[in-house]
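Q: fold the following and give me the result.
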Amino acid sequence: MIGLIVTGHGHFATGLTSSLKLICGEDIKDYVAVDFESTDSEDDLAEKINQAFDDLKECEGILVLSDIVGGSPFKTSTMIGLPKGNVEIVSGTNLPMLIDVHLTRTFETNVHDFVNHAIEVGSLSVSKFEFKKVEETTDEEGI
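A: Got it, this is the predicted structure:
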């Protein structure tokens, strides 16, 4: 199974995790949420991310889902994770992406192939609501 690390600024990771558990159930295996809180230093964040990778070391690969590219959670995950070789890091994480990745990762063994699926699902889940007025028609013949 592919392990998941969700990370981001503030309570991004635990907030998404709370929503994931509400939708998919409480029993989430091989998953770690890492928040970068305002009281954390970058060293604190690195320690948390190192611990997350250690917790998932038995996984066949690890996918890190981060909030924004270039932010401390993304950069720290990249510096720590990429040298491991079985890690992919994605930014721009959203809830539909997380739900899909969580539900399908048990069937995947290659994180380098699986990352493209995650990006596609995340991209396709962004949309704009459009209200279209339906014109009323009258049936002159009746029922």
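
Q: list the buried ones in the helix or strand of the chain with the lowest mean pLDDT?
A: Least confident helix or strand of the chain, by mean pLDDT, DSSP states H and E, is helix 111-124 with a mean of 94. Neighbour counts over helix 111-124 (16 or more other C-beta atoms under 10 Å) mark 111, 114, 115, 117, 118, 121, 122 as buried. (C-beta placed from N, C-alpha, C; glycine too.)

Q: looking at these, spot the one nearest residue 92.
A: residue 122 (6.3 Å; C-beta to C-beta).

Q: please name the residues that touch the closest one.
A: Contacts for residue 122 (C-beta atoms under 8 Å, 6 or more residues apart in numbering) come out as 90, 92, 93, 94, 96, 97.

Q: burial of the second one, as a residue count?
A: Read it as residue 92. 15 (other C-beta atoms under 10 Å).

Q: contacting residues around it?
A: Here residue 92 is in contact with 67, 68, 69, 122 (criterion: C-beta under 8 Å, 6+ apart).

Q: got a pLDDT number for residue 135?
A: Looking at residue 135, its pLDDT is 79.

Q: hey, where'd the strands end up in this protein?
A: Assigned by DSSP state E, the chain shows strands spanning 2-9, 31-36, 61-66, 87-90.
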